[in-house]
Every structure is written in C-alpha cells, then in structure tokens.
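> sharing a sequence plus its predicted fold:
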Amino acid sequence: MLKTIAVCAGLCACLPVLAQTADKPATLIEAPAHAWHAPETKMMLDATRAGTRIVAVGEHGIVLLSDDDGRSFRQAARVPVSSTLNAVTFADAGHGWAAGHWGTIIATEDGGETWKLQRVDTSTDQPLFSVDFLNARDGFAAGLWSLLLATHDGGSTWTRVPLPKPAGGSRADRNLYRVFSDRTNSIYVTAEQGAVLRSKDGGANWTWLDTGGKGSLWAGVAAADGRLFVGGLLGNLYESSDRGETWSHVDSHASGSITDLVDTRDGVAGVGLDGFVLETQSGSPDFTATQRADRAALTAVVINGKGAPVLFSKDGVMGR
C-alpha cells in the first residue's frame, strides 16, 4: 500500500509508472546519479528556471540543464542521490533545491551543475512532493502524510512543522502536494480533499482553507495579477482573488488531471494528463485548453526566455 500511494502521489497524477520502489537499499538511494545515455528521454517530474537556465528533475536522480531555452538538455555533472526527484526550485540563478523520495533534499549553489545532500531519511519512504523557497534562506518542503518541513538557513537544517487538524478531521494526515507563495510572501500548500494550507507569517502558523472541491490538488500558482489558482484531479481548477479566503470553480476545459501550473507574467499556463495544455491571460476569467495529438502524460511546464512553453512528461522532454 505504501509503495502504491508513494508512487502515485509522487508522480502528482497517479501515472502508471514505477518511479521508485519502497524497498530500494539505502546504499543505492544515496549512490550518485548514473550518467545516462539520452537522459532527456527519462521520466521528468518537475522543472523551473534558474536565471536564464532551465532545470528539470525526475527518475533515478536525473537533473537536466538547458542553456538554450529548452532546445537541448544535458545531465548535471554531479548529483549525490539516485532516488527519484519530484520537485525543484531556485531562489536565484545559483541557489536551488530539489526534493524527492526517501525525504531527500539536495541543494546547488552553481545553477544546478553540482549538488550536495542536505537531507535523507532511509528509515521509511516518506517522499517529498514539492519544495519552494521565499529567498535563499527560508524554504519549505511538503510530502506524504502531512509531512511539512521548514528551513531558515538555506537548508543546512530542516525541521518538521506541526500542522493543525483539518476541520472535521481527526488528525492532520492529508498528503501535501505543492508549495507556492504569493507576492505578499504568504505560503500555500495544496493537499487532498480540495484543501489548501496557508501561512501569512512566514510559516509560524498555518490555516486550512476549503476550496469547495473534493479531489486532490496537485498544482498551484500565484499569478502576477494577484489571483491564486489550484488544480488537480480530473481537470478541476479553483481560483481565489482574496489570498485564499474564498474560492470559485473555474472551467479548465480539460478532462485530464492538472499536474502543473506556472506564472507566465502575462497570465497562467498549465499542463495535465492526456496531453492537455492550459492557458489564461492576466485578468481573464476564462481558460483555454488544447490537447496534444500524442495525449502525452504531461508533468511540468516551464516558460522559456522567449515566452514559449517547454513541456515535460513521463517520457521525458517533450519540447514545445
């Protein structure tokens, strides 16, 4: 059961792919990532910008780097783990973090070329599904069974954050999927059962928000126009214009589950299963959705320096 939950949740969309087994020996978990032939064809689970560079992470501890707006990728020179990496974030062009299975967190100071291990817990495979930093010191990572970690020293130390019980819940045991922040530095974490966690004080106190939905929310973003969007199971999408106090359902026009949402500065873009690509303009109440002919299981999207989307999937880099 644990393996099934961890794999499905870690893929942010219940993709039918074995990302990581729960009984993998600790010596292999902490072994350096292998230099793969054609690593851009491996399963990728998250991607972001590090200045002008695109950085993507995925299975086998693979970290991909592109310095030409996503036209080509190469594997990072040194990654200290070979376990699956589910998420990546950068505070600036140099300082970044990635997180994944076995509670792994790795960090880089050179834009993703080389990484060092900050945290791993081989006692149980309690994967981390997301990591986000407000700046180069203050960051949060979220994962299975309400696992929320915080650091205020750039990741040198990570501590577990106690969370309140959800309304009507006997305990805080909901899986946490995506950490993101808005322009006021309020922090949000999407979760199961249509729920979102929020902290307005840098992570000292947390409140559960109810979007009105019932399904898992795998993606979230704060748009440049101040709106929040969270999405997930079966294409469900919710919007808030008051920092999460109230939410309204938005028609995503996608039937595939939403796996990623990103700010484009001109609006919001997103991707989902079955090849769906979503888009809305700043201030617009409506989304448009197009479906790729290959119906690829899309997992992440990055907007490159030319404003074009670069797509990633369980089959690797999809291009545009």
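Cool, got the structure.

> in contact with the nearest residue to L273 once chain neighbours are set aside, which residues?
Leaving aside its chain neighbours, L273 sits nearest to G256 (3.7 Å; criterion: C-beta to C-beta, 6 or more residues apart in numbering). (Glycine included, C-beta is placed from N, CA and C.) For G256, the contacting residues are L234, G235, G272, L273, D274, G275, F276, Q291, by C-beta atoms under 8 Å, 6 or more residues apart in numbering.

> same question for A31.
Applying C-beta under 8 Å, 6+ apart, the residues near A31 are V81, S82.

> quick one: it is in a strand?
No. Counting by DSSP: H, G, I helix; E, B strand; the rest coil, A31 is not part of a strand but coil.

> which residues does V63 bridge with?
V57 (DSSP bridges).

> per-residue pLDDT, it?
If you check V63, the pLDDT there is 98.

> surely it is in contact with V57?
Yes. Between V63 and V57 there is a contact at 5.4 Å, judged by C-beta atoms under 8 Å.

> mind listing the shared neighbours of those two?
What both V63 and V57 touch, as defined by C-beta under 8 Å, 6+ apart, is the set L85, V88, A98.

> tabulate the residues you listed (a markdown table), appending pLDDT, secondary structure and neighbour count.
Shown next, in a markdown table, are the shared contacts of V63 and V57 (pLDDT from 0 to 100; DSSP: H, G, I helix; E, B strand; the rest coil; neighbours: other C-beta atoms under 10 Å):
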| residue | pLDDT | secondary structure | neighbour count |
| --- | --- | --- | --- |
| L85 | 98 | strand | 34 |
| V88 | 98 | strand | 28 |
| A98 | 98 | strand | 32 |
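
> ranges for the helices of the protein?
2-10, 26-29 (DSSP state H).

> go through those and find the least confident stretch.
Minimum mean pLDDT among the helices of the chain: helix 2-10, a mean of 37.

> any figure for the gap between F287 and S255?
13 Å (C-beta to C-beta, to the nearest Å).

> so those two - more neighbours on which side?
Per other C-beta atoms under 10 Å, whichever of F287 and S255 has more neighbours is F287, with 23 against 13.

> my read: that one touches V277, true?
No. When contacts are counted by C-beta under 8 Å, F287 is not listed as touching V277 (10.6 Å).

> need the contact list for the nearest residue to G96 once chain neighbours are set aside.
Spatial nearest neighbour of G96, chain neighbours left out: F90 (3.9 Å); criterion: C-beta to C-beta, 6+ apart. Listed by C-beta under 8 Å, 6+ apart, the contact set of F90 reads T48, R49, A50, G51, V55, G96, W97, G111, G112, F133.

> run the last query once more with 6 Å
Taking C-beta atoms under 6 Å, 6 or more residues apart in numbering, we find F90 in contact with T48, A50, G96.

> same question for H60.
H60 sits in contact with S82, where contact means C-beta under 6 Å, 6+ apart.

> tally of neighbours for T41?
11.

> also K214?
11.

> over to the one 5 residues further on?
Per other C-beta under 10 Å, the neighbour tally for A219 reads 28.
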